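1. Here is a sequence together with a model predicted from it:
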Amino acid sequence: MQMIKDNKIINYKDIKDIPGAGEKKILGFLDLESALILPVYTGKKFYGLIVFHECRYHRKWPVEDVTLLNTIVQIISGAIERKQSENALRKSEAKYRSYFENSQDIVFINSGDSFIDVHYWICNSIQRYYRTKENGGTGGPFSKDGVHRATGCRDSA
């Protein structure tokens, strides 16, 4: 199994010629004559194998075929890595969103002098404050379309 762990392509016309005992044992069990095995790694982590084999006669895969198939393996590996990254990002975003939305603290994200995101609790507090009689019940800094000028919160009234 050392050849696979070392991310080596196994391309043997006769599996009896494979130097790795673990690889030879597995392939011998499958009753193969020839094998082309391409390890699939995502980053530095082993993900799996793509195996081509011949059961009837000894076959040596040409270098051009091996190069093409290895390119395909790299494309598959890249697609798997992208999918894993997308899933990790989605999970991280969901975790962040949950913290943000369930926080009892004042939470906002700003860039320069504009707000990117504001916890709904802040919006509700601002709206309640400006609807009180002491503040004239005017809605304060909310524009005519009901959007708070500073935070971007919508007036729910």
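-> Done, it's in.

2. mind giving me the domain split of the chain?
-> Per automatic domain parsing, the domain ranges recorded for the chain read 2-99, 103-157.

3. Would you mind measuring the gap between the ends of the first one?
-> Put plainly, it is domain 2-99. Taking Cα to Cα, to the nearest Å, the first and last residues of domain 2-99 lie 45 Å apart.

4. on that earlier part again, compare the domains of the chain and say which comes out lowest on pLDDT.
-> In terms of average pLDDT, domain 103-157 trails the rest of the domains of the chain, at a mean of 62.

5. Is it possible to get the domains of the chain out as JSON lines so that each row also shows mean neighbour count?
-> Quick note: C-beta positions are derived from backbone N, CA and C, even for glycine. Output for the domains of the chain, formatted as JSON lines (neighbours: other Cβ atoms under 10 Å):
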{"stretch": "domain 2-99", "mean neighbour count": "14"}
{"stretch": "domain 103-157", "mean neighbour count": "13"}
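
6. Counting by contacts, list what the lengthiest helix in the chain packs against.
-> Secondary structure of the chain read by DSSP state H shows that its longest helix is helix 63-102. Counting contacts by 3 or more Cβ pairs under 8 Å, 6 or more residues apart in numbering; DSSP states H and E, helix 63-102 packs against strand 34-42, strand 45-54.

7. Save these as JSON lines, and put in distance to residue 91 too.
-> JSON lines is the format used below for the helices and strands packed on helix 63-102 (distance: least, Cβ to Cβ, whole Å):
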{"stretch": "strand 34-42", "distance to residue 91": "17"}
{"stretch": "strand 45-54", "distance to residue 91": "18"}
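
8. So for residue 22, which of those sits nearest?
-> strand 34-42 (11.9 Å; Cβ to Cβ).

9. Tell me the helix or strand right after the longest helix of the chain.
-> strand 108-111 (DSSP states H and E).
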